[in-house]
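K.L.:
Need a 3D model of the sequence below.
(one chain, ligands or ions: 1)
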Amino acid sequence: MPFIHTPPSWQLPEKLITPELAFMNRRRFMKALIGAGAGAATVGLTACQPPEAVDPELEKTLGQPLSGIERNPNFLNAGRDLTKQTYASRYNNFYEYGGTKTIWPIAQNLPTDPWTVEVSGLVKNPQTYDLDDLTQRFPLEERIYRFRCVEAWAMVVPWIGFPMKRLMEAVEPTSQAKFVRFTSFYDAEVCPGPAWGFALNLPWPYVEGLTVEEMANDLAFFAVGIYGRTLPKQHGAPIRMVVPWKYGFKGAKSIVKIEFVAEQPATYWNTISPNEYAFEANVEPEVPHPRWSQSKERLLGEGTNPYAWETQPTVIYNGYGEYVASLYT
Ligand code: MTE
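P.N.:
Numbering: from 1, shown residues only. As a prediction, this is how the structure comes out:
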């Protein structure tokens, strides 16, 4: 069903939008990488602001520059300033690599080449894609989305990727498919997990799920890049989910398998603590987590302390109600 939407109230006025860059199809993804690798003076796709200088250790972890990818004008600033990459790429949740926010160095052990994503289950056209297949088949675009973690920290980041519904169209789910199960990479040899993981017998691999209607929503996105480059490992290279109206734990990283299924799948956090991490997990300021309020959030980098108190009001569906509220009536 086609989705018609009116621009949300927080969208930038047309006249403020940076002129769009040339449209880039999948075949140009590798070319963009090669060109950028050769130091070509290409226009950065995330040209909202000049590339940010980050400290040399962080710089080593960042992906390959991409260029020439169109910025989707429907998703431009989410009403807030972009979070600096210095904060976003050094403050992560990736429990395969530990239970702290500073996993960015150890996450570099994630092996990403070669990489395949198996798409199977209740579909007419099962596929196993390698990364080139994915990036050549589905046109890439840039979208600036708000991101809200269930822990009450938030950020605004420019993702590069493609809408999940494009992949659905390619594999054609059958009418029996009601849910989608997304599985992250896991290998105990390179994923030490958090030190306290033994006590909980954590249910690896990390699995998340959506309804097929949620996956078909315009906002649901697979990211292969961020801040104008391919995804760094700490953000879930080489491909992750981004579901901006839900808490961040719904966005599984480093996806290796996507299965269309009839029943609601068991998911990682919901299995660990069902009354704290619901399957649906939409951002809802009025519904507190059992251990803290969700009415406010703090933006990464606010002030000088990323652990500062929450000061910003949380918005229902993280500000994306115009896109998704109808899914839940
Ligand atoms: N995916 C995997 N595989 N493992 C994880 O631990 N953490 C989730 C989500 N995806 C997680 C994951 C949580 S709790 C959040 S808030 C986001 O990733 C954090 O994404 P970021 O580190 O890119 O900001």
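K.L.:
now the residue of the chain positioned farthest from its centre, what's its secondary structure?
P.N.:
Relative to the centre of the chain, and counting by Cα atoms, centre = their mean, the farthest-placed residue is residue 199 at 28.8 Å. Following DSSP: H, G, I helix; E, B strand; the rest coil, residue 199 is assigned to helix.
K.L.:
In contact with it, which residues?
P.N.:
For residue 199, the contact set (Cβ atoms under 8 Å, 6 or more residues apart in numbering) is empty. Every residue, glycine included, has its C-beta placed from N, CA and C.
K.L.:
Just the pLDDT for it.
P.N.:
Residue 199 is assigned 77 on the pLDDT scale.
K.L.:
Next one: it from residue 272, what distance?
P.N.:
11 Å (Cβ to Cβ, to the nearest Å).
K.L.:
just residue 127 next, same as before
P.N.:
In terms of Cβ to Cβ, residue 127 sits 31 Å off from residue 272.
K.L.:
of those two, who's got more company?
P.N.:
residue 127 (17 against 14; other Cβ atoms under 10 Å).
K.L.:
Just to check, the more buried one is in contact with residue 119?
P.N.:
Yes. Contact criterion Cβ atoms under 8 Å: residue 127 and residue 119 qualify, at 4.8 Å.
K.L.:
Which residues are in contact with each of those two?
P.N.:
Common neighbours of residue 127 and residue 119, using Cβ under 8 Å, 6+ apart, are residue 171.
K.L.:
count of residues packed around the closest residue to residue 114 other than its chain neighbours?
P.N.:
Nearest non-adjacent residue to residue 114, counting by Cβ to Cβ, 6 or more residues apart in numbering: residue 130, 6.4 Å away. Number of residues near residue 130 (other Cβ under 10 Å) recorded here: 14.
K.L.:
partners of residue 130 in the sheet?
P.N.:
Note on residue 130: beta-bridge partners by DSSP bridges are residue 116.
K.L.:
Mind pulling up the pLDDT for it?
P.N.:
97.
K.L.:
what's the answer for residue 53, then?
P.N.:
pLDDT, residue 53: 88.
K.L.:
tell me which element it is part of?
P.N.:
Using DSSP states H and E, residue 53 sits in no helix or strand.
K.L.:
Also residue 224?
P.N.:
Assigned by DSSP H and E, residue 224 belongs to strand 221-226.
K.L.:
Contact residues of the stretch 201-329 of the chain facing the ligand?
P.N.:
Neighbours of the ligand within the stretch 201-329 of the chain, by Cβ under 6 Å from any ligand atom: 206, 235, 236, 248, 249, 251, 252, 253, 254.
K.L.:
Output those as CSV; include the columns pLDDT and neighbour count.
P.N.:
Listed next are these as CSV, based on pLDDT from 0 to 100; neighbours: other Cβ atoms under 10 Å:
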residue, pLDDT, neighbour count
206, 98, 24
235, 98, 28
236, 98, 28
248, 98, 20
249, 98, 20
251, 98, 24
252, 99, 24
253, 98, 27
254, 98, 26
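K.L.:
surely residue 184 meets residue 255?
P.N.:
Yes. With contact defined as Cβ under 8 Å, residue 184 counts as touching residue 255 (6.2 Å).
K.L.:
intersection of neighbour lists for these two?
P.N.:
Common neighbours of residue 184 and residue 255 are listed as residue 236 (criterion: Cβ under 8 Å, 6+ apart).
K.L.:
Show me how far stretch 172-190 is from its chain's centre.
P.N.:
16 Å (Cα atoms, centre = their mean, to the nearest Å).
K.L.:
Over in the stretch 201-329 of the chain, which residue gets nearest the ligand? Let me know.
P.N.:
When scored by Cβ to the nearest ligand atom, the stretch 201-329 of the chain has residue 248 as its residue closest to the ligand, at 2.9 Å.
K.L.:
which residue ranges form the strands in this protein?
P.N.:
70-71, 116-121, 127-130, 141-148, 153-163, 179-184, 207-211, 221-226, 229-230, 240-242, 255-261, 296-299, 312-313 (DSSP state E).
K.L.:
Find the nearest non-adjacent residue to the residue in the stretch 1-150 of the chain that the ligand sits nearest to, please.
P.N.:
Residue nearest to the ligand within the stretch 1-150 of the chain: residue 92 (3.1 Å; Cβ to the nearest ligand atom). The spatial neighbour of residue 92 that comes closest, neighbours along the chain excluded (Cβ to Cβ, 6+ apart), is residue 234 at 4.6 Å.
K.L.:
The one you found touches residue 103, doesn't it?
P.N.:
Yes. Shown here, residue 234 and residue 103 form a contact pair, counting by Cβ under 8 Å, at 6.3 Å.
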